[in-house]
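Chemist: Pasting the sequence and the predicted model now:
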Amino acid sequence: MIIILFGAPGVGKGTQAVILAEKLGVAHLSTGDAFRAAIKNQTPVGQMAQEYVASGKLVPDEIVAKIVEEAMTNETFANGCILDGFPRTRTQAEALEQMLTAKGADITTVVNIAVDDDTIIARLLQRGRSDDREDIIRHRLNVYNDETAPLLDFYGQKSLLTTIDGIGDVEDVNARILSAIKA
C-alpha cells in the first residue's frame, strides 16, 4: 500500500500521516525525516544533499528522489508507506513511479487535502514558528501552486487522485481520508 498525501503547506499532511500510519498499520515516510537521517548518517546521497543545504541551495529532484528511495529500502517500509511531502515536482513523481515499478509496487491512491489559502495562512501563523510569517507563507503557497499543484493533473489523469475537504477537526478530516482510501 503506497498512499501519497498531497496538499499545500499547512493543510495537515504530517498530522494526518501519523494518524493514518497507526490506523492502517503502514509506516509514515516523512521526506524531512528521511533528509535529516541521510545527512546525519552521512550516507553518500546524504552527503550530496548536505552540500546543497549548507550552501542554502535547493536540493535537486534527483537527490531528493534518491533519499526517498534509500529510506524505502528500510524494512519498516516493506508493507508500503504513507508519503508526506514527496513528490513535489513532476520529475520527482516520475522518479517515484520508476522506483515503485522496479519493486513491483504501485501507488494505491493520492489524497489531496484541500484547504483555502486564507485558512492555511491563519493556521500557520498560529504555529508561531520563526519561518511562519505571512510573506514567507504566501511565497511557499506560490511555490506550491507553481511547482507542486500541477501534479494534481498528473495523478488525476492516472485515476489515482481523490480530493477531500481539509477543513474541520483532525478526526473529521481523518475520516474523510480513510473513506477516500477505501473507495
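Modeler: Yep, it's here.
Chemist: ok, now which ones touch the residue nearest to residue 47 when sequence neighbours are not counted?
Modeler: In space, and not counting its chain neighbours, residue 47 is closest to residue 39: 7.8 Å by Cβ to Cβ, 6 or more residues apart in numbering. All C-beta atoms are positioned from the backbone trio N, CA, C, and that covers glycine. Neighbour list for residue 39: 46-47, 49-50, 53 [criterion: Cβ atoms under 8 Å, 6 or more residues apart in numbering].
Chemist: With only the CA atoms kept, save the helix or strand where residue 39 lies in CSV.
Modeler: According to DSSP states H and E, residue 39 maps onto helix 31-40. Provided in CSV are the C-alpha atoms of helix 31-40 (Å, rounded to 0.1, in the frame of the first residue of the first chain):
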residue,chain,number,x,y,z
THR,A,31,10.6,13.4,3.4
GLY,A,32,12.0,15.8,6.0
ASP,A,33,12.8,13.0,8.4
ALA,A,34,14.4,11.0,5.6
PHE,A,35,16.6,14.0,4.7
ARG,A,36,17.7,14.5,8.3
ALA,A,37,18.5,10.8,8.7
ALA,A,38,20.5,10.7,5.4
ILE,A,39,22.5,13.7,6.4
LYS,A,40,23.0,12.6,10.0
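Chemist: can you tell me which of the contacts of residue 39 are in strands?
Modeler: Taking DSSP state E, every one of the contacts of residue 39 sits outside strands.
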